[in-house]
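>>> The following comprises the amino acid sequence and a computationally predicted model.
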Amino acid sequence: MTKAIMMLTCQKHRFSLPDGLHYLNGAYMSPLSKAVQEAGQRGIMRKAVPSQISADDFFTESNLARERFAALVNADPNRVAIIPAASYGIATVARNLTAEVGQNIVVLHEQFPSNVYAWRQFRERGVELITVHPPESQQRGQGWNERLLESITPDTALVALGHVHWTDGTRFDLVTIGKRAREVGAALVIDGTQSVGALPFDVQAMRPDALIVAGYKWLMGPYSIGFAYYGERFDQGTPLEDNWIARRGSEDFSRLVDYQDEYAAGAVRFDVGERSNPILLPMMIAALDDIHERGVSHIQAYCAALTQDFIEAAAALGYRVEDRAWRAAHLLGLRLPAGVQLEKLTASLSQRQVIVSVRGDAVRVSPNVYNDAADMAALLDALQAASAA
């Protein structure tokens, strides 16, 4: 991996996005860089002739992927599992969570479903699910963080949230939230799918008990692969699967029928079956290499510089955006001014080939390094047209 460059310029030439398309929807799904596409093509050709795949490949590529992800979040690679989806990583936490009658689990209003459904089942055990709503104010990030901290009590067994809210990019102070959770003995589970890869995340500073990240958004990888960091709470945990490759000594294929009850060291026990996918793994490694080359802090700075003038212009039209201190630069929610109909805005965006998402009550704009000033200008033009009488 090369050293991250000090000042990023637009990287659109490294992607296959068509001319005239203004793709500002990385929070939905990232495009694949040409390097990731090529890694996938090589993987397909290797699977076409399986004799090219050795027993060692089942382990070396998996470990390389762990190392790349661990370096991204400042974690021990031995604590990283390879998962197929965020729901899988969260389900692993739920399987190993001890919560008793009278305790509660704290989540956020309009949290992503995969980080809610797993906790709803605990209501049958007498555990309360507490949903923390934002305040009714235009700039609500600070108040939402304060309400969240107030909701964490000695009766809290688990706090589950994202680093940023998936609908509008509201940012949560995980250092302070994590400190409060530890004070009361609650586990802290972070869904980093909408942040890791574009917003710096430091496991050592934030100290989550689990960090779950799907790979197809800000990690810039393919669908159906991701990563989970598991802290000490899960060292003796029970995985979702009885996976042969997660057992001690599985590297020796000639002795796989010498069945082992002992798991391999570290978080490997939580790996998904068929984790050594000869197509997806090389693609994910190439995507992580791209991110390391650019530098996550530089990606965030690029997005901030790209959106700064746009946000000011949108605010002048009456669109509301969270204060900079409480939002991420790579994912922001525009709330419509009075008199602007969503249907009219949607049509205006479509006419200009501007791709964004509507999530909750926000128009979600999520740029990355493949975007440039022309993309933001097209978005602003769509807003202006929708605001016109």
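The structure has been received and is ready for your questions.

>>> how about the helices in the stretch 51-200 of the chain?
In the stretch 51-200 of the chain, the segments counted as helices under DSSP state H, counting those that start in this stretch are 57-73, 86-96, 117-120, 141-151, 174-184.

>>> packing partners for the shortest one?
Other elements packing on helix 117-120 under the criterion 3 or more CB pairs under 8 Å, 6 or more residues apart in numbering; DSSP states H and E are helix 86-96. For the C-beta atoms, the positions are set from N, CA and C on the backbone; glycine is no exception.

>>> pLDDT averaged over the helix it packs on - what is it?
Helix 86-96 comes out with an average pLDDT of 98.

>>> Please name every helix or strand in contact with it.
Partner elements for helix 86-96 (3+ CB pairs under 8 Å, 6+ apart): strand 80-83, helix 117-120, strand 187-191, strand 210-214, strand 226-230.

>>> go again using 10 Å as the cut-off
Using 3 or more CB pairs under 10 Å, 6 or more residues apart in numbering; DSSP states H and E, the elements in contact with helix 86-96 are strand 80-83, helix 117-120, strand 156-162, strand 187-191, strand 210-214, strand 226-230.

>>> would you turn those into a markdown table with mean neighbour count, mean pLDDT and distance to residue 263?
Output for the helices and strands packed on helix 86-96, formatted as a markdown table (neighbours: other CB atoms under 10 Å; pLDDT from 0 to 100; distance: least, CB to CB, whole Å):
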| stretch | mean neighbour count | mean pLDDT | distance to residue 263 |
| --- | --- | --- | --- |
| strand 80-83 | 28 | 98 | 11 |
| helix 117-120 | 18 | 97 | 22 |
| strand 156-162 | 24 | 98 | 24 |
| strand 187-191 | 26 | 98 | 21 |
| strand 210-214 | 29 | 98 | 17 |
| strand 226-230 | 28 | 98 | 12 |
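
>>> Okay, now the unreliable bits of the stretch 251-389 of the chain?
389 (pLDDT under 70).

>>> how about the helices in it?
280-294, 296-316, 342-351, 373-387.

>>> The first one packs against which elements?
Using 3+ CB pairs under 10 Å, 6+ apart as the contact criterion, the elements in contact with helix 280-294 are helix 34-48, helix 57-73, strand 80-83, strand 226-230.

>>> Try it again at 8 Å.
Right, helix 280-294 is packed against helix 34-48, helix 57-73 by 3+ CB pairs under 8 Å, 6+ apart.

>>> sorry, back to before: redo the helices of the stretch 51-200 of the chain as CSV? Include distance to residue 333.
Below are the helices of the stretch 51-200 of the chain laid out as CSV (distance: least, CB to CB, whole Å):
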stretch, distance to residue 333
helix 57-73, 25
helix 86-96, 20
helix 117-120, 23
helix 141-151, 11
helix 174-184, 19
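
>>> Hmm, residue 340 is touching residue 387, no?
Yes - taking CB atoms under 8 Å as the definition, residue 340 is a contact partner of residue 387 at 5.6 Å.

>>> what touches both of those two?
residue 318 (CB atoms under 8 Å, 6 or more residues apart in numbering).

>>> Could you find the closest non-adjacent residue to the residue nearest the centre of the chain?
In the chain, the centroid-proximal residue (CA atoms, centre = their mean) is residue 193; its distance is 1.0 Å. Among residues not flanking residue 193 along the chain, residue 214 sits closest, at 4.4 Å (CB to CB, 6 or more residues apart in numbering).

>>> Look up how far residue 224 lies from that neighbour.
9 Å (CB to CB, to the nearest Å).

>>> so what sits against both of these two?
residue 85.

>>> circling back to that earlier point, so which of the helices and strands packed on helix 86-96 comes closest to residue 21?
strand 210-214 (23.6 Å; CB to CB).

>>> Can I get that closest one in PDB, CA atoms only?
Extracted C-alpha coordinates of strand 210-214, given in PDB (Å, rounded to 0.1, in the frame of the first residue of the first chain):
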ATOM      1  CA  ALA A 210     -18.600  -4.700  18.500                       C
ATOM      2  CA  LEU A 211     -18.200  -2.800  15.300                       C
ATOM      3  CA  ILE A 212     -20.200  -4.200  12.300                       C
ATOM      4  CA  VAL A 213     -19.500  -3.000   8.800                       C
ATOM      5  CA  ALA A 214     -21.000  -4.100   5.500                       C
END
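
>>> mind listing what it pairs with, with the direction of each?
Its sheet considered, strand 210-214 pairs with strand 187-191 (parallel), strand 226-230 (antiparallel) by DSSP bridges.

>>> With respect to residue 61, which of those lies nearest?
Closest among the strands paired with strand 210-214, using CB to CB: strand 226-230, at 13.8 Å.

>>> so how far is the first residue of stretch 346-360 from its last?
15 Å (CA to CA, to the nearest Å).

>>> got a list of contacts for it?
20-25, 27-28, 110, 166-168, 333, 342, 363-366, 375, 378-379, 381-383, 385-386.
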